[in-house]
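1. What follows is a protein structure lacking sequence information:
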């Protein structure tokens with residue numbers, strides 16, 4: 001079963017809170033110069049946006065894969081003329097060889 005939009009929102013909220021903690025810690029880190037702290041904060045914000053974007057993309061991909069799976073279960077007759085595990089051209093070849101040998 002795919003994730004619900006509630007699960008996606010909860011995952012995004014978790015990502016935001018994790019990066020909020022990291023950004024807050026970076027702001028308070030006095031072992032770095034001001035420009036280094038600023039650079040680290042900008043880097044963390046960029047990582048946060050990428051993580052949120054990845055979560056959304058993965059959510060949509062899983063949702064699409066789930067829907068495709070449901071479509072295949074609902075429409076099993078899409079490969080009516082094909083028998084799995086066999087070469088479907090054999091029937092035509094045997095008919096033509098039978099007519100040639102007669």
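-> Noted; the coordinates are in hand. Please read all numbers here as calculations on a predicted model, not as lab measurements.
2. In this protein, what helix or strand scores lowest on average pLDDT?
-> Using mean pLDDT, DSSP states H and E, helix 90-101 stands out as the lowest-scoring helix or strand of the chain, at a mean of 52.
3. Any figure for the gap between residue 69 and residue 62?
-> Applying CB to CB, to the nearest Å, the value for residue 69 to residue 62 is 10 Å. (Glycine included, C-beta is placed from N, CA and C.)
4. and those two? which has more neighbours close in?
-> Remark: of residue 69 and residue 62, residue 62 carries more neighbours, 14 against 11, as counted by other CB atoms under 10 Å.
5. average model confidence for the helix or strand harbouring the more buried one?
-> Under the criterion of DSSP states H and E, residue 62 resides in helix 34-74. The average pLDDT within helix 34-74 is 89.
6. Which neighbouring elements make contact with it?
-> helix 5-28 (3 or more CB pairs under 8 Å, 6 or more residues apart in numbering; DSSP states H and E).
7. So which residues make contact with the helix it packs on?
-> Helix 5-28 has contacts (CB atoms under 8 Å, 6 or more residues apart in numbering) with 3, 32, 37, 40-41, 44-45, 47-48, 51-52, 55-56, 59.
8. before we move on, back to that, how many degrees apart are the helix holding residue 62 and helix 5-28 in direction?
-> 170 degrees (axes from the mean of the first three to the mean of the last three CA atoms, to 10 degrees).
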